[in-house]
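Participant: sharing a model prediction with you, sequence too.
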Amino acid sequence: MKFKKIISLALMPLIFASCVTLQPVRVTRNASLDNYTYFYITPTETKTGSTGGVYGNGYGVYGSSTSKSTNPADIISGYLIKRGMVRLPELKNDLADKTMIINYGETGRRSAGLGYTIEITLQIISAKTNEVICVLTGEGMGDTEADDIRIAINRCLDELYRQ
């Protein structure tokens, strides 16, 4: 009986965390992306997140942790390369009319269940005119902050190309 209570208490956070509903991705589109073949991403830093737990069985205390790292620019780049776009290592004047610049930023956190979500915003601008093509804001929630960021970016880009 005691074992069942311990298992129930251990699984409660997982049950509550899986019940969190993420806010819908917000898209503000000012122009079409159809004419863009190239992209440049403003460099981002690697984000590291970890999760862990401690448990005991009456004979000792044990623990484990997991650490994950991600670089937002790499996630964005992989997504767009898979769609056939070309990443430029630097901006080129002769390709400016076909190049979009992507800026990434973390724009908030929201308490959700026993954890929190991370909200990110992607700003896509024209390399030729420096005008905003579109802005996407979405949130993600996973096991670590790195997961939160990956989920949020993928949700934003999925929504961008769904429309």
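Facilitator: Yep, it's here.
Participant: can you list the low-confidence ranges for the protein?
Facilitator: Regions of the chain meeting the criterion pLDDT under 70 cover residues 1-19, 49-64, 163.
Participant: which neighbouring elements make contact with the lengthiest helix in the chain?
Facilitator: The residue-count maximum for a helix in the chain (DSSP state H) belongs to helix 145-162. Helix 145-162 makes packing contacts with strand 47-56, strand 61-70, helix 72-82, strand 115-126, strand 132-140 when contacts are defined by 3 or more C-beta pairs under 8 Å, 6 or more residues apart in numbering; DSSP states H and E. The way it works is simple: take the backbone N, C-alpha and C, and place the C-beta from them, glycine included.
Participant: and these as a markdown table, adding distance to residue 38 and mean neighbour count?
Facilitator: Shown next, in a markdown table, are the helices and strands packed on helix 145-162 (distance: least, C-beta to C-beta, whole Å; neighbours: other C-beta atoms under 10 Å):
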| stretch | distance to residue 38 | mean neighbour count |
| --- | --- | --- |
| strand 47-56 | 26 | 13 |
| strand 61-70 | 24 | 12 |
| helix 72-82 | 10 | 17 |
| strand 115-126 | 11 | 20 |
| strand 132-140 | 13 | 20 |
